[in-house]
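Peer 1: task: produce atomic coordinates for the following.
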Amino acid sequence: MVSANNKKTISKASPHTIKKFELIETYIKSWAQILMQNEKCNGLIFIDCMCNSGIYQDDYGNLVEGTPIRVAKALRDVARRYEDKQIFLYLNDNDAMKINELRKHLPDDERNISTITLIGDANNLLERIGPRLTPEGHFNYFLLYDPYNASIDWNALLPFFGNWGEVMINHAVLDPVRAISSAKKKAAIKKYENTYLTDFEKLVPFGSDKNAYEARVEEIIKLLKGNRRYYVAAFPFYNSQNSQMYNLIHCTSNKAGFVLYKNCAWKVFGGKSSAKRGTENSYQLALDENGNITVPTDESCFYIKDIAKYLYDSFKKQKNVRLEQMWKLLEEHPVFPSEGFKKEIKKELFEVYGVSKKQIINTNTGKKEIVLSFL
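Peer 2: Presented below is the predicted three-dimensional model:
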């Protein structure tokens with residue numbers, strides 16, 4: 001059910017929503033730069049099929065730019081640097097008043113960047129675009145699928161998982177957590193069955209277990225992506241009452257995009273994996289029965305301390321561990337970043353876990369390098 005706030009042409013954006021805007025904008029800026037530097041890339045296609053009006057009010061009544069405007073401005077700047085390549089933006093909403101408002105705030109088209117605004121059902125749009133996706137054009141796409149509630153049409157998304165590009169899904173997990181056990185109307189029941197591709201009777205036992213809904217969505221993504229290597233990273237967003245509202249899920253076959261998204265998320269959240277409050281200072285280091293350091297972990301909000309613990313546990317009792325080994329291990333982790341926080345991670349390892357470092361000569365390259373001892 002769409003809230004009254006979302007029915008407004010200029011709706012209110014809570015702090016967690018503004019943080020979502022920041023994360024998408026931060027990622028797109030870097031994503032576009034990386035791809036445009038690739039000689040094989042002829043250009044970019046950005047699709048926001050549920051874009052709203054692009055302009056919001058914050059808690060204090062100030063106007064705030066949303067995703068489509070932020071992205072349009074960011075990609076305009078990229079287009080100016082790469083004049084031999086094309087950029088297309090498709091911005092769609094089913095509310096004509098919102099699209100009319102959006103048009104007032106978008107930057108003008110330029111020679112190599114075009115913005116197409118559309119009015120209609122998001123899933124119908126994707127069903128038209130999806131079959132046209134081909135690798136021959138050498139365009140990289142980014143699809144943002146951001147419904148107001150837990151309503152996902154996997155059939156419309158399927159072609160995008162099978163092509164070269166990236167998909168970002170806003171999974172509104174608070175919706176089923178609050179409402180699935182009391183859902184009686186056929187429309188609501190069908191919505192949940194379509195979103196989780198599961199009979200309603202099997203969903204009801206999930207109850208308020210948000211982890212169950214999150215796991216089911218990731219299972220569906222793994223099924224849709226086929227046999228190829230695929231990377232999925234999800235970050236939770238919390239409201240002012242510390243309730244999880246949604247997960248912003250990034251899906252790609254490009255490892256560089258996976259690594260970049262994690263790094264961007266940790267930067268936007270200020271050196272942690274979410275904006276959830278009350279976890280960083282609520283722990284104390286302790287020793288287990290074997291004398292090993294233990295650190296309580298809240299998986300809804302990881303900190304640098306959790307990355308250090310993961311690395312220490314992974315390399316415990318090893319010496320001459322190359323820094324590159326640690327960063328490669330973090331590259332594969334579904335949440336932890338491998339860039340942007342190396343100094344802080346090493347500091348935690350040295351000061352908390354007593355990890356030591358020394359300089360050696362690499363026998364393969366003949367060059368000096370730093371290695372760590374986890375003994």
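Peer 1: the stretch 51-200 of the chain: strands as residue ranges?
Peer 2: For the stretch 51-200 of the chain, the strands defined by DSSP state E, counting those that start in this stretch occupy 55-57, 63-65, 86-93, 113-119, 139-145, 165-171.
Peer 1: out of these, which is closest to Gly270?
Peer 2: When the strands of the stretch 51-200 of the chain are compared by C-beta to C-beta, strand 63-65 sits nearest Gly270, at 18.9 Å. Every residue, glycine included, has its C-beta placed from N, CA and C.
Peer 1: report the buried residues of the closest one.
Peer 2: By 16 or more other C-beta atoms under 10 Å, the buried positions in strand 63-65 come out as Val64, Glu65.
Peer 1: what lines up beside it in the sheet?
Peer 2: Looking at strand 63-65 with DSSP bridges, its partner strands are strand 55-57 (antiparallel).
Peer 1: run the chain-centre distance for the strand it pairs with.
Peer 2: 22 Å (C-alpha atoms, centre = their mean, to the nearest Å).
Peer 1: low-confidence ranges, the protein, go.
Peer 2: Along the chain, segments meeting pLDDT under 70 span 1-6, 279-295.
Peer 1: pop the domain breakdown of it in here.
Peer 2: 4-268, 286-373 (automatic domain parsing).
Peer 1: let me have these in TSV, extended by distance to Lys276.
Peer 2: Compiled in TSV, the domains of the chain are given as follows (distance: least, C-beta to C-beta, whole Å):
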stretch	distance to Lys276
domain 4-268	5
domain 286-373	4
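Peer 1: quick revisit: dump the strands of the stretch 51-200 of the chain to CSV, plus distance to Val177.
Peer 2: Below are these laid out as CSV (distance: least, C-beta to C-beta, whole Å):
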stretch, distance to Val177
strand 55-57, 25
strand 63-65, 27
strand 86-93, 26
strand 113-119, 32
strand 139-145, 20
strand 165-171, 11
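Peer 1: before we move on, back to that, among the domains of the chain, which is nearest Ala275?
Peer 2: It is, among these and with distance given as C-beta to C-beta, domain 4-268, at 5.5 Å.
Peer 1: for that closest one, the distance to its chain's centre please.
Peer 2: Counting by C-alpha atoms, centre = their mean, domain 4-268 is centred 9 Å from the centre of its parent chain.
Peer 1: look up how far Trp31 lies from Leu106.
Peer 2: Between Leu106 and Trp31 the computed distance is 20 Å (C-beta to C-beta, to the nearest Å).
Peer 1: no wait, Asn364
Peer 2: 33 Å.
Peer 1: out of these two, which sits in the more crowded spot?
Peer 2: For Asn364 versus Trp31, neighbours defined as other C-beta atoms under 10 Å are more numerous around Trp31 (26 against 6).
Peer 1: which residues touch Asp48?
Peer 2: Thr67, Pro68, Val71, Leu89, Tyr90, Leu91, Asn92, Leu144, Asp146 (C-beta atoms under 8 Å, 6 or more residues apart in numbering).
Peer 1: if we go to 7 Å?
Peer 2: The contact partners of Asp48, taken as C-beta atoms under 7 Å, 6 or more residues apart in numbering, are Thr67, Pro68, Leu91, Leu144.
Peer 1: give the bridge partners for it, please.
Peer 2: The residues listed as beta-bridge partners of Asp48 by DSSP bridges are Leu91, Leu144.
Peer 1: I'd like to know how many residues surround Gly271.
Peer 2: Neighbours of Gly271 under the rule other C-beta under 10 Å: 13.
Peer 1: looks like it contacts Ile304 (just checking).
Peer 2: Yes. Applying C-beta atoms under 7 Å, one finds Gly271 in contact with Ile304, separated by 6.3 Å.
Peer 1: common neighbours of those two, please.
Peer 2: Listed as contacting both Gly271 and Ile304 by C-beta under 7 Å, 6+ apart are Phe341.
Peer 1: nearest to Gly278, out of the domains of the chain?
Peer 2: With C-beta to C-beta as the measure, domain 4-268 is the member of the domains of the chain nearest Gly278 (7.1 Å).
Peer 1: and Gln37, how far is that from Tyr261?
Peer 2: Using C-beta to C-beta, Gln37 is found at 18 Å from Tyr261.
Peer 1: more crowded one of these two?
Peer 2: Higher neighbour count among Gln37 and Tyr261: Tyr261, with 28 against 10, using other C-beta under 10 Å.
Peer 1: tell me the secondary structure at the more buried one.
Peer 2: With DSSP: H, G, I helix; E, B strand; the rest coil as the basis, Tyr261 sits in helix.
Peer 1: just list the residues touching it, thanks.
Peer 2: Applying C-beta under 7 Å, 6+ apart to Tyr261 gives the contacts Tyr27, Ala233, His250.
Peer 1: the stretch 201-350 of the chain: helices as residue ranges?
Peer 2: 210-224, 255-268, 304-315, 323-332, 342-353 (DSSP state H, counting those that start in this stretch).
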